[in-house]
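> Generate a structure from the sequence data that follows.
(2 chains)
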Amino acid sequence: MSDDMDDILQVFYQECDEQLQELERGLAVLADGESGQETINAVFRAVHSIKGGAASFGLDNLVRFAHVFESSLDGLRSGRVVPTPDVVKTFLKAMDVLSDLVTEAREGTPVDPARIAESQVELEAIISTGGAASAQADIIPQDFVPVPMDFEPVPMDFEPVPVAFEPVPVAFEPVPVDFDFGADTQAEPATGCLVVTFRPHDALYERGDDARNMLNGLADLAAGVPGGHMTTTCDFSALPVFEAVDPLKSYLAWRVVLPPEVTEDSVTAVFDWVSDACDVTTTREDGAQANPAAALLDEEPHAQAPAVPAPTVPDNVVQDSAPVTAARDVVAEHAHPTEPASPVASTAAPVSQDVHAAGGAHPHPAAAGGAARKTEQQASIRVDLHRIDGLMDLVGELVIAQAAIESLSRRTDPAAAQELMQGIGSMQSLTRDIQDAVMAVRAQPVRGVFQRMQRVVREACSMTKKDVVLTLEGEDTEVDRTLVEKLTDPLTHMLRNAVDHGIEKVEDRLAAGKPAQGHILLSAGHRSGRILITIKDDGAGINRQRVLETAIKRGIVAPDAQLTDDEINNLIFAPGFSTAATVSDLSGRGVGMDVVKQAILSLGGRVAIQSVPGEGTTFSLSLPLTLAVLDGMLIAAGGSTMVIPISSVVEAMMIDQRDVYVLPDGGNVISIRGSCMPFIPLAAALGLAQKPSDEDIREAVILVVENESGGRAALVVDEIRDQTQVVIKSIEKNYRQIEGVSAATILGDGSVSLILDVSALIAATVGRMDKALDPRRGMAA
Amino acid sequence: MVEKKDLRVLTIDDSRTMQGMLRKALEGAGYDVIQGGDGVEGLDVLKEAEPPPKVIITDINMPRMDGFEVIEAVRKLDRFKHLPIIVLTTESDPEKKAKARAAGATGWIVKPFSPDSLVAAIRRVTA
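Residues are numbered from 1 along each chain as shown, chains lettered A, B, ... in the order given. Next comes the predicted model:
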């Protein structure tokens, strides 16, 4: 497949994703019991569109299934099928299969044929019970033989309507015209020739068509026969005297003699589309009659022949006896009747009656105008992602450049600096606005990811035999697109988990006096500059007793550890933890909650759990709106300037030497207002300096930092320098991963500074301490 | 096959996949291609195109404004009353065909199309 085609294929997959979302959205609306025609149309169009594209790429499986799906949706569209909950359920299932078939086409992961067949049977049942078994369903298998791009020409399509040619009263002798394209013209073979008579109606011209087109089509048929010629006679008999010619009407007719090899069907095909707008007859000549056409004038070239009322376009009458192929190259400007004409008496053949009715009705039904649009669509443009990322980078550079100016201005004369600082201040707020605006461009609603969760829950339900409804809230909440993409996996797992472990079995629910149907609420919203996603189930809540037992059994916490409820809840995020008594399908294929937590953390997010026994569990994810910028605290340690994310700093204070205790392994803890936490001399922890002496520490500042699960530590730093917004530059991409460092940034003075990963720092220190000590508690991080 | 660089074709389709394929097929055959992403956009492109297209290829099933409406609207424009319009669709329903014909369509091709059939169709209506 060429690169071009590959590109188009990628576009196709992208569109499939969009259409599947559209489909999901529409079916969700139907599931809610609303069934607006517009929704149904959108749903239909989504499947229709996927089918159309898939057919172009020869994706047979996809086409076949999409077709059945489309047919049943067509029943819905025409009102033959009512969107009952069962029907919608079938559609939802079919949507999942369709989505998997798209994935199959894209990634080659095969879909279980049994699933496809099952869904197909259900869809077909809808079609038949809904009475929608239409003729179309029979037609399509042929139509949708997928045709990859380099192929046999597919003929224009038609239905044959042989039309009797009514002899027209002859006003004068017909003047035969010869369309003789062969250089070595001879008379046609006498017998077996195919004679075609053709009289266009005015309607043919009204439709933007031209008799010349059909004559060319016939010429092509003749040219397709080795040594084949076409002889054409034009019948001017209906042409009135010049003064009486109405340029809008059709006066001419033709008699065309084709070689015997040409079939009737191929002639029918030429006139297929216009069969209602002209009179055509096709007869197999017994020989004798073919001759008259052979002895003809070489008068008017075929390309200009239908220049309808010939008198009005005399220029077009030129000599042309070139071979057919060359003649076809002539693109002549051609004047044909230009106004829709009323039905014409001169061509009053029986068939033409209804044709004219149709033709007359055609041009301007009152409702036709493009005016009444069904849906408002917001004006939008599609922009290449790289451009926006490029813009984002530039804004980042702008922030840096501005910080550089700011730091320069501090060195100038204070009086001048005053004004300069004011200017810089307003520039800063503008820069910030620009940054926000660019972020808004990159922002995407979480809707897509959220809607995908419906399927996750459906599948989890069918696997666990539970009945759970997922309600979505705040799908329009926007977050940076990089974040949106990364949310899918953690959310998928958390929802599976909620169905599998959160919601009780039906009998248990009933026993507890709850409705049999479980309920999960997935919501999103903005909360103080971050996005808050909550997953709330109405299940049994976390069984803390069992969680604690398991954790002790697995050696995650010490047997005598005294943990708060919150700490026990957080144990489910500990690596290697699983409370599922049996390895269900879901747990078997899922990852541990620790991986979920890691994923959230790596996004700069936090997870909190609230759980009430018997009432349910709520997971709250708090995430930054973007992964591109960060509010950080600039600190100095070991002679380097580093950035600590503000979000992880709880407080800053001067050290009181008396609060620091030495542990047997040489490590320290500090007691702050009665609670002990690891005491981490930052420079030493990063290997930038030796362990500080007591003297050094006396001068130092401590920052109380917190990891995502609420574990705290005191970082010892030399100095707090500034608070600033920094642009995150990946260090892994440019160098490699460094423990304790999450990324890098460029400061105002152009120097590179590291952004610290507080959680990793705490985990590393606590890990060391755990090895040396009998841990007082297991920190979930 | 003839090179027709001077021949401008307007394609109207809401599927970017289809638009991509149309562009490839038509440009490959030497046509100058302009495109509209749905009926409304297609009409705008048509009205503003300079030089105007010599033929329109339109999908039927589109949001906002479908192919039938496009044909009717084009036929109402004095300048384009006789512009050939070819319908390119996955539909093969005779009723739809009749409807398109009544609206003033010049031809009908069923998707998936081959570049050759497409070019042949264009040549047929723009001889």
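> Residue A:264 is in contact with residue A:284, correct?
Yes. Shown here, residue A:284 and residue A:264 form a contact pair, counting by CB atoms under 8 Å, at 7.5 Å. For the C-beta atoms, the positions are set from N, CA and C on the backbone; glycine is no exception.
> hey, what's in contact with both of those two?
Both residue A:284 and residue A:264 are contacted by residue A:194, under the criterion CB atoms under 8 Å, 6 or more residues apart in numbering or on different chains.
> How many neighbouring residues does residue 111 have?
Answering for chain A, as no chain was given. Other residues near residue A:111 number 21, with proximity taken as other CB atoms under 10 Å in any protein chain shown.
> that answer is for a different chain, and I need it for chain B
Using other CB under 10 Å, residue B:111 is surrounded by 23 other residues.
> what's the answer for residue A:545, then?
10.
> State the distance from it to residue A:60.
Distance, residue A:545 to residue A:60, by CB to CB, to the nearest Å: 55 Å.
> all strands for the stretch 651-781 of chain A, in order.
A:660-662, A:668-672, A:675-681, A:701-706, A:712-717, A:719-727, A:741-746, A:752-756 (DSSP state E, counting those that start in this stretch).
> Redo those as TSV? Include mean pLDDT, mean neighbour count and distance to residue B:110.
What follows is the strands of the stretch 651-781 of chain A, written out as TSV (pLDDT from 0 to 100; neighbours: other CB atoms under 10 Å in any protein chain shown; distance: least, CB to CB, whole Å):
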stretch	mean pLDDT	mean neighbour count	distance to residue B:110
strand A:660-662	81	13	82
strand A:668-672	84	19	76
strand A:675-681	85	20	71
strand A:701-706	84	22	64
strand A:712-717	88	24	68
strand A:719-727	83	16	53
strand A:741-746	83	22	54
strand A:752-756	89	19	58
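> among those, which is nearest residue A:469?
For those, proximity to residue A:469 was assessed by CB to CB; strand A:701-706 is nearest, at 36.0 Å.
> Please name every helix or strand in contact with the closest one.
strand A:649-654, strand A:712-717, strand A:719-727, helix A:758-772 (3 or more CB pairs under 8 Å, 6 or more residues apart in numbering or on different chains; DSSP states H and E).
> could you redo the last one with a cut-off of 7 Å?
In terms of contacts (3 or more CB pairs under 7 Å, 6 or more residues apart in numbering or on different chains; DSSP states H and E), strand A:701-706 is packed against strand A:649-654, strand A:712-717.
> ok, back up a step: nearest to residue A:103 among the strands of the stretch 651-781 of chain A would be which one?
Nearest of the strands of the stretch 651-781 of chain A (CB to CB): strand A:741-746, 32.5 Å.
> From the contact counts, what lies against the closest one?
helix A:731-734, strand A:752-756.
> before we move on, back to that, specify the stretch among the helices and strands packed on strand A:701-706 that is closest to residue A:228.
strand A:649-654 (88.6 Å).
> burial count for residue 92?
Answering for chain A, as no chain was given. 18.
> Chain B was what I was after
Residue B:92, neighbours per other CB under 10 Å, totals 18.
> And it, how far from chain A?
5 Å (CB to the nearest CB, to the nearest Å).
> From residue A:246, how far out is that residue?
Applying CB to CB to residue B:92 and residue A:246 gives a distance of 37 Å.
> And the residue of the stretch 501-650 of chain A that's closest to chain B?
In the stretch 501-650 of chain A, the residue that lies nearest chain B is residue A:524 (27.0 Å; CB to the nearest CB).
> How about the contacts made by that residue?
A:446, A:474, A:475, A:477, A:531, A:533 (CB atoms under 7 Å, 6 or more residues apart in numbering or on different chains).
> In terms of helix, strand or coil, where does the nearest residue to the first one once chain neighbours are set aside fall?
Pointing back at residue A:446 there. Leaving aside its sequence neighbours, residue A:446 sits nearest to residue A:524 (CB to CB, 6 or more residues apart in numbering or on different chains; 5.0 Å). Secondary structure of residue A:524, reduced to three states by DSSP: H, G, I helix; E, B strand; the rest coil: strand.
> What's opposite residue A:524 in the beta bridge?
residue A:533 (DSSP bridges).
> now it: how far from residue A:91?
Residue A:524 is 26 Å from residue A:91, by CB to CB.
> In a markdown table: the strands of the stretch 651-781 of chain A, plus distance to residue A:554.
Converted to a markdown table, the strands of the stretch 651-781 of chain A look like this (distance: least, CB to CB, whole Å):
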| stretch | distance to residue A:554 |
| --- | --- |
| strand A:660-662 | 30 |
| strand A:668-672 | 26 |
| strand A:675-681 | 23 |
| strand A:701-706 | 26 |
| strand A:712-717 | 25 |
| strand A:719-727 | 39 |
| strand A:741-746 | 29 |
| strand A:752-756 | 30 |
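> Please verify my assumption that residue A:680 contacts residue A:707.
No. Under the criterion of CB atoms under 7 Å, residue A:680 makes no contact with residue A:707, lying 11.9 Å away.
> Pull the helix ranked longest in chain B out as CSV, backbone CA atoms only.
Ranked by number of residues, the top helix in chain B under DSSP state H is helix B:16-28. The C-alpha trace of helix B:16-28 is given here as CSV (Å, rounded to 0.1, in the frame of the first residue of the first chain):
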residue,chain,number,x,y,z
ARG,B,16,-12.2,12.5,5.7
THR,B,17,-11.3,9.0,4.7
MET,B,18,-13.5,9.3,1.6
GLN,B,19,-12.2,12.8,0.9
GLY,B,20,-8.7,11.5,1.1
MET,B,21,-9.4,8.7,-1.3
LEU,B,22,-11.2,11.0,-3.7
ARG,B,23,-8.4,13.5,-3.7
LYS,B,24,-5.8,10.8,-4.3
ALA,B,25,-7.8,9.2,-7.1
LEU,B,26,-8.7,12.5,-8.8
GLU,B,27,-5.4,14.2,-8.4
GLY,B,28,-3.8,10.9,-9.6
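> what residue ranges in chain B score low on pLDDT?
Residue ranges of chain B with pLDDT under 70: B:1-6, B:127.
> gap between the residue most central in space within it and chain A?
The residue lying closest to the centre of chain B (CA atoms, centre = their mean) is residue B:57, at 0.8 Å. Separation of residue B:57 from chain A (CB to the nearest CB): 12 Å.
> Distance to chain B for the helices and strands packed on strand A:741-746 - can I get that in a markdown table?
Converted to a markdown table, the helices and strands packed on strand A:741-746 look like this (distance: least, CB to the nearest CB, whole Å):
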| stretch | distance to chain B |
| --- | --- |
| helix A:731-734 | 30 |
| strand A:752-756 | 39 |
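> Out of these, the one nearest residue A:461 is which?
Shortest separation from residue A:461 across the helices and strands packed on strand A:741-746 is recorded for helix A:731-734, at 38.2 Å, computed as CB to CB.
> the strands in chain B, which residues?
Taking DSSP state E as the test, the strands found in chain B are B:8-12, B:32-36, B:55-58, B:85-89, B:107-110.
> For the second one, which helices and strands make contact with it?
On a contact count with 3+ CB pairs under 7 Å, 6+ apart, strand B:32-36 meets strand B:8-12, helix B:16-28, helix B:39-48.
> so which of those comes closest to chain A?
helix B:16-28 (3.8 Å).
> roughly how far out does that closest one sit from the chain middle?
Remark: helix B:16-28 is offset 12 Å from the chain centroid, using CA atoms, centre = their mean, to the nearest Å.
> For it, list every residue counted as buried.
B:16, B:17, B:18, B:19, B:20, B:21, B:22, B:23, B:24, B:25, B:26 (16 or more other CB atoms under 10 Å in any protein chain shown).
> Is it correct that the last one is in contact with residue B:7?
No. Residue B:26 sits out of contact with residue B:7 when judged by CB under 7 Å, with a separation of 9.3 Å.
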